[in-house]
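>>> I'd like to go over a predicted model; first the sequence, then the structure.
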Amino acid sequence: MAAPSRGPQLFRVEMDIADCEVEGKIPAEISGAFFRVGPDAQFPLKQGNIPFDGEGHVSRFRFENGRVSLKTRFVRNERYVAQEKAGKILFPMYRNPYLDDPSVKGKSRGTHNTHIIHHNGRLLALKEDSPPAALDLNTMATLDPVYRFNDQLKSATFTAHPKLDSKSGNLIGFGYEAKGFNTNDVNVFEFTPQGKKVWDVWVKVPYVGMLHDFAVTENYIVLYVIPMKIDLEQMEKGGIHWSWWSGEPTYFGYFRRGGAPPAIVGGLGPADGPVVPANIKGTPLMIDGTLYVTTPDNAWALDARDGHELWHYFWRTRGGTPIANRGAGIWHDKIYMVTPDNYLVSLESKTGKERWRKEVADFNQQYFSTAAPIIVGDHLLIGTGNDLDSPGYLQSLDPDTGEMQWRLYTVPMKTGDPGLETWPSLEAARYGGGHPWLPGVYDPETKLYIFGTGNPIPAYTAGRGEGDNLYTCTLIAVNVDTGRMAWHYQTSPHDMHDWDSAQTPVLFDAVIKGKPRKLVATAARNGYFFTLDRVTGEHLVTTKYGSATNWVKSIAPNGSLRRDPMKDALVPGAIVSPGSGGTINWEPPAYSPDTKLFYVSEHNGYSLYYLTDPDPRGSMGLGGHEEVEVGTGGDFLTAIDPTTGTVVWRRPYLGFWGGGGGGMLTTAGKLVFTGDAGGNLVAYDAATGVPVWHTHIGYVSNPPTTYLLDGRQYLLVAAGNTLYAFWLYK
């Protein structure tokens, strides 16, 4: 008959043995100490409990001169001290606070019985349900029963299996149930050998389960959670913390070391919706050493010195047209971005935490939003985008609350509105487009915000009469305090080729005919260049900069262009330059106050336009036509004297189509930076157009920008989903 089980063997003693018996011989040159820790119950365990719920009992074998000494000590943590004082078990079941004696409420339940490491001149006894306990290396006395690295450890727990970086000596660890009992929060952290926290990050796992171990590489951390899950019903009945849930999956997650967090998720779309590939088209903002970068549905904060991620905000979209995001806006310590499904989102700049969201256009009417929010004083300005039959508008919101202050429609909306006489009917005007889908520019002297508007709708067919269709394809100046239009100038009256005039204009001062003028200039998508007085809107310059542009029949004395109807889309076809993509599209131009030249990409494509819907009522949106690209007159980086409209020089881009990347940057070093058609970032001499430097990074997708930080000048540019930073050597 088998003897009854006695359960685990308990020592329940602390020992000091000066000279242990040794079998064989220990080499005299071996000198040092070996530490281990294991569970040793302070009192006999409650029936049903597991041996692993014993108190942490540390052993040290010291080797010196061929001899070995042994010292053992219990970890005198809060649990041990409380039970020693009471003379009984106060924590009767493994990680089950429901059964704890009321006298120990609020005390740490940690046993520190799983692993022990040497760090920063002390021993750390570990158990994954609590912070470490710190012990003296020599005496093994407990120095701190709840060691938090001088209050740097914010997690409620600390893994029993941390890792040491073999190069830096840093200690890398994590805690699960890191915000307390039954929480699915995980805190990952790294400490220097001197105990200073380098970084930490908080993540959430799909369920409250065991994260027993993890993996660390030079650049990444891999976590996994297994379905050894907390079982509250079992615990309330007196059982242990964990039970195995065989139907649950095991999850793996990884991220870069250095604290790069998973996305902060907002939005109203489905969790399993498509993720739009990142393509950076906007200009990042650099504020106090932090870069703010956006793509459709995403915003990031990056360290401007080395590019590591500080936070990432992900918008779960309902849909829309994720063609681009033109950048973020900033107001005090708040960041703003728009989403393809027409929300303006306000984030905390330090954390990425969402403050609020406001719908700024009707998703059900097929609006979509791409423009960078522009903040002027206490006004946040944002435009609309849409390729279907809808009115465009610019609106001003309160940047603190998101409440609307005013809205300016870019087409007539009611009887008596100015410009209605340029439409066949009020109904045609109210659905006539004119969307301001790119950011404009602000003149603080006049308080005028000057922006461009998009094409009329329908874009290619009849249905708009023969009027100019105000205020589509127009530069508009609006007073930011009142929302009232101060002046306007139409660059494509009655546009018939989807040639938006939404391009960002440029402000500059110059002398024209002996008179100092405050000016605004734009290189329009239709191949023509315009300079106006930005205070009054007076027309000063109209010239053709697209060398192949062929659609204009005449130019009126006020510089207004009159189209040739034979260049509209026709049933037999019409050959036109530029194509619908324009001589320039959305890419921002640049101006140099040193050379006094305006720089823009010039694309001279030819297309055949066929009319496929001759119905006089017109087609919806961009329909009713077919376009066939048939050739090119060349692609150039073009420098224009904006006071006369004269092209000073052209530098050809090689290739059938391309060059200009995502826009232009001019610098005080008399350089122009942009991309070419071969995937190079190129620096051109601003005076001559001669290339002086280049590097191959892929097709440039946003306007290069530059910033000064810590006395070093950086050049920042994107190629698709990748940011590249360069700095200038002294």
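Alright, I've got the coordinates. Residues are numbered from 1 along each chain as shown.

>>> Can you list the low-confidence ranges for the stretch 251-400 of the chain?
Scanning the stretch 251-400 of the chain for pLDDT under 70 picks out 259-263.

>>> Do a quick rundown of the strands in it.
For the stretch 251-400 of the chain, strands defined by DSSP state E, counting those that start in this stretch occupy the ranges 251-256, 264-266, 285-287, 290-295, 298-303, 309-315, 329-331, 334-338, 343-348, 354-359, 374-376, 379-382, 393-397.

>>> now those as CSV including distance to residue 110 and mean neighbour count?
All C-beta atoms are positioned from the backbone trio N, CA, C, and that covers glycine. Shown next, in CSV, are these (distance: least, C-beta to C-beta, whole Å; neighbours: other C-beta atoms under 10 Å):
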stretch, distance to residue 110, mean neighbour count
strand 251-256, 26, 14
strand 264-266, 31, 17
strand 285-287, 42, 18
strand 290-295, 38, 24
strand 298-303, 35, 22
strand 309-315, 31, 21
strand 329-331, 44, 19
strand 334-338, 40, 25
strand 343-348, 34, 22
strand 354-359, 35, 15
strand 374-376, 50, 19
strand 379-382, 50, 25
strand 393-397, 51, 23
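
>>> So for residue 32, which of those strands sits nearest?
Nearest to residue 32, of all these, is strand 251-256, at 35.9 Å by C-beta to C-beta.

>>> tell me the angle that closest one makes with strand 309-315.
Angle of strand 251-256 versus strand 309-315, following axes from the mean of the first three to the mean of the last three C-alpha atoms, to 10 degrees, is 130 degrees.

>>> Please enumerate residues in contact with strand 251-256?
201, 203, 205-206, 219-225, 261-262, 308-309 (C-beta atoms under 8 Å, 6 or more residues apart in numbering).

>>> rerun that using 7 Å as the cut-off
205-206, 219-225, 262 (C-beta atoms under 7 Å, 6 or more residues apart in numbering).

>>> can you check stretch 405-422 too?
By C-beta under 7 Å, 6+ apart, stretch 405-422 touches 379, 391-398, 423, 426, 429-430, 432-434, 436, 453, 467-472, 476, 478, 483, 485.

>>> List only those of those flagged as buried.
Among the contacts of stretch 405-422, those classed as buried by 16 or more other C-beta atoms under 10 Å are 379, 391-397, 423, 426, 429-430, 432-434, 436, 453, 467-472, 476, 478, 483, 485.

>>> re earlier: okay, the contacts of strand 251-256 in CSV with neighbour count and secondary structure next?
Shown next, in CSV, are the contacts of strand 251-256 (neighbours: other C-beta atoms under 10 Å; DSSP: H, G, I helix; E, B strand; the rest coil):
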residue, neighbour count, secondary structure
205, 18, coil
206, 12, coil
219, 9, coil
220, 12, strand
221, 21, strand
222, 13, strand
223, 19, strand
224, 17, strand
225, 23, strand
262, 14, coil
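
>>> before we move on, what SS does residue 421 have?
Assigned by DSSP: H, G, I helix; E, B strand; the rest coil, the conformation of residue 421 is helix.

>>> I meant to write residue 652 there.
Assigned by three-state DSSP, the conformation of residue 652 is strand.

>>> Count residues in the vicinity of residue 131, would you?
Neighbours of residue 131 under the rule other C-beta atoms under 10 Å: 24.

>>> average pLDDT across the lengthiest helix in the chain?
In the chain, taking DSSP state H as the definition, the longest helix is helix 78-86. For helix 78-86, mean pLDDT rounds to 95.

>>> Please name the bridge partners of residue 598.
Beta-bridge partners for residue 598, by DSSP bridges, are residue 591, residue 640.

>>> Would you check that residue 73 makes contact with residue 14?
Yes - using C-beta atoms under 7 Å, residue 73 is in contact with residue 14, at 5.4 Å.

>>> okay, those two: which has more neighbours?
For residue 73 and residue 14, the more surrounded residue by other C-beta under 10 Å is residue 73, and the numbers stand at 20 against 13.

>>> Pull up the gap between the more buried one and residue 31, please.
Separation of residue 73 from residue 31 (C-beta to C-beta, to the nearest Å) stands at 22 Å.

>>> Please name the nearest non-neighbouring residue to residue 474.
In space, and not counting its chain neighbours, residue 474 is closest to residue 490: 4.5 Å by C-beta to C-beta, 6 or more residues apart in numbering.

>>> I should have written residue 22 there, sorry.
residue 68 (6.1 Å).

>>> Equivalent analysis for residue 297, please.
Using C-beta to C-beta, 6+ apart and skipping the chain neighbours, the partner closest in space to residue 297 is residue 315 (4.4 Å).

>>> Residue 197: neighbour count?
Counted with other C-beta under 10 Å, the neighbours of residue 197 add up to 16.

>>> Can you check the pLDDT for the nearest residue to it once chain neighbours are set aside?
Nearest residue to residue 197, sequence neighbours excluded (C-beta to C-beta, 6+ apart): residue 152, at 4.2 Å. If you check residue 152, the pLDDT there is 97.

>>> Looks to me like residue 152 is in a strand.
No - per three-state DSSP, residue 152 lies outside any strand segment and is coil.

>>> rewinding a little: can you put the contacts of strand 251-256 in JSON lines and add distance to residue 634?
Formatted as JSON lines, the contacts of strand 251-256 follow (distance: C-beta to C-beta, whole Å):
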{"residue": "205", "distance to residue 634": "57"}
{"residue": "206", "distance to residue 634": "56"}
{"residue": "219", "distance to residue 634": "45"}
{"residue": "220", "distance to residue 634": "47"}
{"residue": "221", "distance to residue 634": "51"}
{"residue": "222", "distance to residue 634": "52"}
{"residue": "223", "distance to residue 634": "54"}
{"residue": "224", "distance to residue 634": "57"}
{"residue": "225", "distance to residue 634": "59"}
{"residue": "262", "distance to residue 634": "47"}
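
>>> from these, which has minimum pLDDT?
Within the contacts of strand 251-256, lowest confidence goes to residue 262 (53).

>>> then the helix or strand hosting residue 60 to CSV, C-alphas only?
If you go by DSSP states H and E, residue 60 is part of strand 55-64. The C-alpha trace of strand 55-64 is given here as CSV (Å, rounded to 0.1, in the frame of the first residue of the first chain):
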residue,chain,number,x,y,z
GLU,A,55,7.8,32.1,-0.5
GLY,A,56,10.9,33.1,-2.3
HIS,A,57,13.9,31.4,-0.7
VAL,A,58,17.3,32.6,-2.0
SER,A,59,20.5,30.4,-1.9
ARG,A,60,24.0,31.7,-2.5
PHE,A,61,27.0,29.4,-3.1
ARG,A,62,30.2,31.3,-2.8
PHE,A,63,33.3,29.8,-4.4
GLU,A,64,36.7,31.0,-3.1
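
>>> Alright, calling it a day.
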